[in-house]
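A.B. asks: heads up, no residue letters with this:
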């Protein structure tokens, strides 16, 4: 388990964690949440606080499936993370004005399929390219990083992501639209692809 995760006694696991090894299941669940939080706001106390808050506030019932619990906690964590990012930098999540369509490696028809490839992204983060992907995420502007993580890691749709940004990103974020989210997500996908290709070529 990651060192940054607090002891499990300080957190309340969802009732719908898989049967079997409850302790191991909880650790995997909490570690996954911490990884998600740290991609949004960085390593450390802020991410730990987001994990605790999401587990305490997520709408999870005893009948929820593990996937429903995962989505509920990701949603609660995302709302809190976006609010935190907006407090850090009120301009960081501002909706773009007159955003122009960029010619990239991803076509419009490919975006939804790419956004649904969550398992591939999770394997990349956990695999040998983990540090490279983390460094790439940290180099992105706040809005682009947030959109990429919400779509590729949490699996939220463009309308869901736009709604989260508009509702929780502060006054300057009220103008986010699904089209703007799709455009920046496209740019993020191509940026990551280029980063990994260049890194591979340099080996």
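C.D. replies: The structure has been received and is ready for your questions. Only a predicted model underlies this, so the values are computations on that prediction, with no experimental measurement involved.
A.B. asks: What residue spans form the domains of this structure?
C.D. replies: 1-88, 92-203 (automatic domain parsing).
A.B. asks: so can I have TSV of those domains showing mean pLDDT?
C.D. replies: Below are the domains of the chain laid out as TSV (pLDDT from 0 to 100):
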stretch	mean pLDDT
domain 1-88	79
domain 92-203	79
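A.B. asks: okay if I get those as CSV plus mean neighbour count?
C.D. replies: For glycine as for every other residue, the C-beta is placed from the backbone atoms N, C-alpha and C. Shown next, in CSV, are these (neighbours: other CB atoms under 10 Å):
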stretch, mean neighbour count
domain 1-88, 17
domain 92-203, 16
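A.B. asks: which one is the residue nearest the centre of the chain nearest to, not counting chain neighbours?
C.D. replies: Taking CA atoms, centre = their mean, the centroid of the chain lies closest to residue 149, which sits 3.2 Å from it. Counting by CB to CB, 6 or more residues apart in numbering, residue 149 lies nearest to residue 39, which is 4.7 Å off, once chain neighbours are set aside.
A.B. asks: check which helix or strand covers the one you found.
C.D. replies: Taking DSSP states H and E as the criterion, residue 39 maps to helix 22-41.
A.B. asks: The residue nearest to the centre of the chain reaches residue 137, doesn't it?
C.D. replies: Yes. Contact status for residue 149 versus residue 137: in contact at 7.2 Å, counting by CB atoms under 8 Å.
A.B. asks: Mind listing the shared neighbours of those two?
C.D. replies: Common neighbours of residue 149 and residue 137 are listed as residue 39 (criterion: CB atoms under 8 Å, 6 or more residues apart in numbering).
A.B. asks: isn't residue 136 right up against residue 192?
C.D. replies: Yes. Contact criterion CB under 8 Å: residue 136 and residue 192 qualify, at 6.1 Å.
A.B. asks: can you give me the helices for this protein?
C.D. replies: 22-41, 45-57, 66-88, 108-115, 118-126, 130-139, 142-148, 158-168, 178-201 (DSSP state H).
A.B. asks: All good on my end, thank you.
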